[in-house]
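Asks: Fold the following, please.
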Amino acid sequence: QAQMVESGGGSVQTGDSLRLSCEASGRTLSGFGVGWFRQAPGKERTIVAAISETGGETYYVDSVKGRFAISRDNAKDTVYLQMNNLKPEDTAIYYCAAGSYVNVVAGSEPYIASWGQGTQVTVSA
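Replies: Got it, this is the predicted structure:
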């Protein structure tokens, strides 16, 4: 079964940067919208950012606008989330999912692959 694969997390301090990477094991991301989601302890998983199939449209939740940037490299079949000026409230496990752009933005399945293990981002004050 196809599964998403996230990487690039780590433990950083306030104001630092990280770049997360998203791939799909057993599937190509080509032709699909991709979204980054995060889940903090005791909270639901929510959308953070999304990019359309062509990369021509992007979506960001208000709390990350101006700090995070989503992009895709179709040659590498990878989607990135550049996170700058990180804050303690960004601490969470970050996941990615792929499907139709509208569904991804809405956080609605079906997605093309099952959720991965996620990548932990911890931001200390």
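Asks: distance between the ends of stretch 105-123?
Replies: One end of stretch 105-123 sits 25 Å from the other (CA to CA, to the nearest Å).
Asks: oh, I was asking about stretch 70-83
Replies: 9 Å.
Asks: Pull out the buried residues from it.
Replies: For stretch 70-83, a neighbour-count test (16 or more other CB atoms under 10 Å) marks 70, 72, 78-81, 83 as buried. Heads up, the C-betas are built off the backbone N, CA and C, glycines and all.
Asks: Equivalent analysis for stretch 18-28, please.
Replies: For stretch 18-28, by 16+ other CB under 10 Å, it's 18, 20-24, 27.
Asks: Same check on stretch 51-59?
Replies: 51-53, 58-59.
Asks: if you skip the residues just before and after it, what's nearest to Arg72?
Replies: Val79 (4.6 Å; CB to CB, 6 or more residues apart in numbering).
Asks: Just want the most central residue of this protein.
Replies: Against the mean C-alpha coordinate of the chain, by CA atoms, centre = their mean, the closest residue is Trp36 at 2.1 Å.
Asks: any idea how far the strand or helix carrying it is from the chain center?
Replies: Taking DSSP states H and E as the definition, one finds Trp36 inside strand 33-39. Averaged C-alpha coordinates place strand 33-39 at 4 Å from its chain's average position (CA atoms, centre = their mean, to the nearest Å).
Asks: Let me see the mean pLDDT of the helix or strand following it.
Replies: Next along the chain after strand 33-39, taking DSSP H and E as the criterion, comes strand 46-51. Averaged across strand 46-51, pLDDT comes to 98.
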